[in-house]
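> fold the stuff below for me.
(one chain, ligands or ions: 1)
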Amino acid sequence: MTTETGSAIEVRNATDDDWPHIVKLDSFNFGGHIADLKSGITRELAPNDNVIVATNGGQVVGVTMHYDLQITVPGGALIDLPGVTWVSVAPTHRRRGILRTLLTEQHQRFLDSGAPMSILTASEGGIYGRFGYGPITTEFTHKFDRRFAAFRSTTVDPGGVRLAAKDEAEEFLPPIYDRWRRQRAGAVGRPAAYWRGVFADPESERGGASALFFLLHDDGFVSYRVRESAGSGMSLEIVDMFAVTPEAYIALWRTLGGLDLMSTITVSESRDMLLPYLLKDPRLPRLTGSHDLLWARILDVPGVLRARSYACELDVTIEVVDDFLDRGGVFRLTSRGNGGNAQCVPAEEPARLTIGIGDLASIYFGEHRAVTLAQAGRISAPEPEILERFDHAFTTSAAPRGGMFF
Ligand SMILES: CC(=O)SCCNC(=O)CCNC(=O)[C@H](O)C(C)(C)COP(=O)(O)OP(=O)(O)OC[C@H]1O[C@@H](n2cnc3c(N)ncnc32)[C@H](O)[C@@H]1OP(=O)(O)O
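Okay, here's the model as predicted:
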């Protein structure tokens, strides 16, 4: 491609020499100076073969890269997949199609490698739908005054929580997280290099709050920061909270509730957060915001649809529309429900339901509902009973949760 001034844009793999320019580009675009620690970890997670740059006159003006990750799908199957990240185009070269060129090249490589799906965390909600991505997990942020939090008599007090120093946290958090993410749809495995960044806990990532504190249970953990503000005392900001069992979750909240000198607690969780059900006043944790965490793009429709389990029996022919990569088509999806193996094959017969490939990703993990998308005019299914069964089949008992921002 060429720029408006006629000079050529070259798209190629990154080299070691490109990295200082990539770091500079992303620092400007994301509005923060990227520390050596973070760029070092990024380079480890994204070797040069995973990094595509766009250059103009020898200067890096655009970049996209991916980490090799793994996600859990409903039913517990694990899918290896690329996680797109550090996407950036120079403000001097915007809206000339450089992002589209980079993503076209990158996703063609994903297809060539046989990747069934790709994921990302989006800086803005308006960018990635056109590339076939849909949001798949949501984080709900709640805030409450710990001093008014009283547990119900039905809330057990299992104990078993210890106050952990960093070296203990380094040993125990990654395996507990790994057990958690294998049982939660939408959860992404955290590579060792990612954990190194967590425990390095550089001051630049603390936003003016304390270094991390850790509470540890055999089946769960919390990491949090404390922020002191004049007049309102100390507030506690939970960074990570993952529990493999409800007992561990409750034990951790019992301990957090016992931190007498903390005033407010802020926490982000999935839609099915248990905390309000533990408290005498369920209204206390007030929703202060929500945001999508992960977005997914399906690359192999039948492969991905076969990989998950479904809530009920299903036999439906669907049309999937993919304007970006042309991976759609008509497919027959059958499942006996109850975790049984699903089948999905290209079909000749007319489709009973039509859905965009990004919306298919959104309902796939159970966060968004087919009925809602149909009401919004994004799914066409003229026969109500077909839509109803399709919707029910994709529901999941637990809300999906991403677990990793990248
Ligand atoms: C996974 C991640 O890393 S998320 C991080 C994404 N990066 C950032 O937010 C950093 C700051 N922003 C940027 O670097 C750039 O503005 C980018 C990467 C978002 C866009 O780069 P550009 O080269 O200007 O995009 P390009 O010209 O190829 O546009 C491609 C399409 O996306 C659209 N688009 C581009 N930016 C945006 C935006 N911010 N919001 C909505 N649509 C957008 C364009 O209109 C165009 O649409 P069309 O092809 O359907 O007509």
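> which of the helices or strands spans residue 21?
Under the criterion of DSSP states H and E, residue 21 resides in helix 19-30.
> what's that helix packed up against?
helix 36-45, strand 59-72, strand 78-89 (3 or more C-beta pairs under 8 Å, 6 or more residues apart in numbering; DSSP states H and E). C-beta coordinates here come from the backbone N, C-alpha and C atoms, glycine included.
> angle of that helix against strand 59-72?
For helix 19-30 against strand 59-72, the angle by axes from the mean of the first three to the mean of the last three C-alpha atoms, to 10 degrees is 80 degrees.
> and helix 19-30 with helix 36-45, angle?
If you take the same axes, to 10 degrees, helix 19-30 sits at 110 degrees to helix 36-45.
> buried set for helix 19-30?
Of the residues in helix 19-30, 19, 21-23, 25-26, 29 count as buried by neighbour count, 16 or more other C-beta atoms under 10 Å.
> out of those, which touch the ligand?
residue 29 (C-beta under 6 Å from any ligand atom).
> between the buried residues of helix 19-30, which sits nearest residue 290?
residue 29 (24.9 Å; C-beta to C-beta).
> select, out of the helices and strands packed on helix 19-30, the one closest to the ligand.
When the helices and strands packed on helix 19-30 are compared by C-beta to the nearest ligand atom, strand 78-89 sits nearest the ligand, at 3.4 Å.
> for the helix or strand just after the closest one, packing partners?
Per DSSP H and E, the first helix or strand lying C-terminal to strand 78-89 is helix 98-113. When contacts are defined as 3+ C-beta pairs under 8 Å, 6+ apart, helix 98-113 sits against strand 9-13, strand 51-56, strand 59-72, strand 78-89.
> near the ligand, anything from whichever helix or strand comes after helix 98-113?
The C-terminal neighbour of helix 98-113 among helices and strands, as given by DSSP H and E, is strand 117-120. Yes. Applying C-beta under 6 Å from any ligand atom, one finds strand 117-120 touching the ligand at residue 120.
> which residues does strand 117-120 contact?
66, 69, 71, 79, 81-85, 87, 107, 110, 128, 133, 136, 188, 294-300, 304, 361 (C-beta atoms under 8 Å, 6 or more residues apart in numbering).
> and the helix holding residue 21, average pLDDT?
Helix 19-30 shows a mean pLDDT of 97.
> what is the burial count for the residue lying closest to residue 70 once chain neighbours are set aside?
If the residues on either side of it in the chain are set aside, residue 70 comes closest to residue 189, at 4.3 Å by C-beta to C-beta, 6 or more residues apart in numbering. When neighbours are counted by other C-beta atoms under 10 Å, residue 189 registers 18.
> wait, residue 189 touches residue 67, no?
No. Using C-beta atoms under 8 Å, residue 189 is not in contact with residue 67; the gap is 10.4 Å.
> shaky segments in this protein?
Scanning the chain with the threshold set as pLDDT under 70 gives 3-6.
> quick one: the helices in it, in order.
Under the criterion DSSP state H, the chain contains helices at 19-30, 36-45, 98-113, 166-182, 192-200, 246-257, 275-278, 301-307, 357-364, 370-375, 384-393.
> list of residues touching the first one?
Pointing back at helix 19-30 there. 14, 33-34, 39, 43, 51, 53, 59-63, 86, 88-91, 123.
> angle of it against strand 78-89?
80 degrees.
> cool, the second one as well?
Inter-element angle recorded for helix 36-45 and strand 78-89: 130 degrees (by the same axes, to 10 degrees).
> so which bits of helix 36-45 are buried?
Buried residues in helix 36-45, defined by neighbour count with 16+ other C-beta under 10 Å: 38-39, 41-43, 45.
> off-centre distance for that helix?
Chain-centre distance of helix 36-45: 20 Å, with C-alpha atoms, centre = their mean, to the nearest Å.
> likewise stretch 185-193?
On C-alpha atoms, centre = their mean, the centre of stretch 185-193 falls 9 Å from that of its chain.
> re earlier: any chance of JSON lines for the helices and strands packed on helix 19-30, columns distance to the ligand?
Rendered in JSON lines, the data for these read as follows (distance: least, C-beta to the nearest ligand atom, whole Å):
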{"stretch": "helix 36-45", "distance to the ligand": "11"}
{"stretch": "strand 59-72", "distance to the ligand": "6"}
{"stretch": "strand 78-89", "distance to the ligand": "3"}
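> return the member of the buried residues of helix 19-30 nearest to residue 370.
Closest to residue 370 out of the buried residues of helix 19-30 is residue 29 (35.7 Å), distances taken as C-beta to C-beta.
> gap between that closest one and residue 291?
19 Å (C-beta to C-beta, to the nearest Å).
> next, count neighbours for residue 274.
Using other C-beta under 10 Å, residue 274 has 13 neighbouring residues.
> quick check, it in contact with residue 249.
Yes. Using C-beta under 8 Å, residue 274 is in contact with residue 249, at 6.0 Å.
> distance check, residue 347 against the ligand.
Separation of residue 347 from the ligand (C-beta to the nearest ligand atom, to the nearest Å): 30 Å.
> you'd agree that residue is up against residue 331?
Yes. Contact criterion C-beta under 8 Å: residue 347 and residue 331 qualify, at 5.8 Å.
> so these two - more neighbours on which side?
Per other C-beta under 10 Å, whichever of residue 347 and residue 331 has more neighbours is residue 331, with 19 against 16.
> who touches that one in this structure?
301-302, 305, 317-318, 320, 344-347.
> now, which of the residues you listed sits nearest the ligand?
residue 320 (19.5 Å).
> now that closest one. Nearest residue, chain neighbours left out?
Once flanking residues are discounted, residue 320 sits nearest to residue 328: 4.1 Å by C-beta to C-beta, 6+ apart.
> what is the burial count for that neighbour?
21.
> for it, what are its contacts?
Residues near residue 328 by C-beta under 8 Å, 6+ apart: 301, 319-322, 357.
> neighbour-wise, give me the winner out of the residues you listed.
Each of those was scored by neighbours using other C-beta under 10 Å; the highest score is residue 357's, at 24 neighbours.
> in contact with the residue nearest to residue 156 when sequence neighbours are not counted, which residues?
Nearest residue to residue 156, sequence neighbours excluded (C-beta to C-beta, 6+ apart): residue 250, at 6.0 Å. Neighbour list for residue 250: 155-158, 274, 278 [criterion: C-beta under 8 Å, 6+ apart].
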